[in-house]
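Engineer: Predicted coordinates and the sequence they were generated for:
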Amino acid sequence: MRTILSLLAIAVLVVVALMYFGIINIDQTQQAVVQAPKFQADVAKVTLGTENKTVAVPTISVEKPGAQANAQAPN
């Protein structure tokens, strides 16, 4: 593994040296274009509305215990 990395480093140094002396010249001939991919999704249509209705609601009544119940309760 160390041998492969050493050979790769030497190759990179050789290419850099050749570019420095003008023996190798690399030019970009076309501008690079990066585009985001396009997506299309078919989704359901949701509509919201209001409607008036009469709804039966239960009634609750609370009766407080009288003075007689308080007298009988243990302390």
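Structural biologist: Sure, I can see it.

Engineer: just the strands in this protein please.
Structural biologist: Taking DSSP state E as the test, none of the chain falls into strands.

Engineer: So for this protein, which residue is the most central one in space?
Structural biologist: Ranked by distance to the mean C-alpha position of the chain (Cα atoms, centre = their mean), the top residue is residue 39 at 16.5 Å.

Engineer: ok, and what's touching the lengthiest helix in the chain?
Structural biologist: For the chain, the helix with the greatest residue count under DSSP state H is helix 2-20. Surrounding helix 2-20, the residues in contact under the criterion Cβ atoms under 8 Å, 6 or more residues apart in numbering are 24-26. C-beta coordinates here come from the backbone N, C-alpha and C atoms, glycine included.

Engineer: In this structure, what helix or strand scores lowest on average pLDDT?
Structural biologist: Within the chain, no helix or strand scores below helix 67-72, which has a mean of 56 by mean pLDDT, DSSP states H and E.

Engineer: Among the contacts of helix 2-20, name the ones in helices.
Structural biologist: Among the contacts of helix 2-20, no member falls in helices (DSSP H).

Engineer: The residue nearest to residue 26 when sequence neighbours are not counted and residue 38, how far apart?
Structural biologist: Nearest non-adjacent residue to residue 26, counting by Cβ to Cβ, 6 or more residues apart in numbering: residue 19, 7.1 Å away. Residue 19 sits at a distance of 38 Å from residue 38 (criterion: Cβ to Cβ, to the nearest Å).
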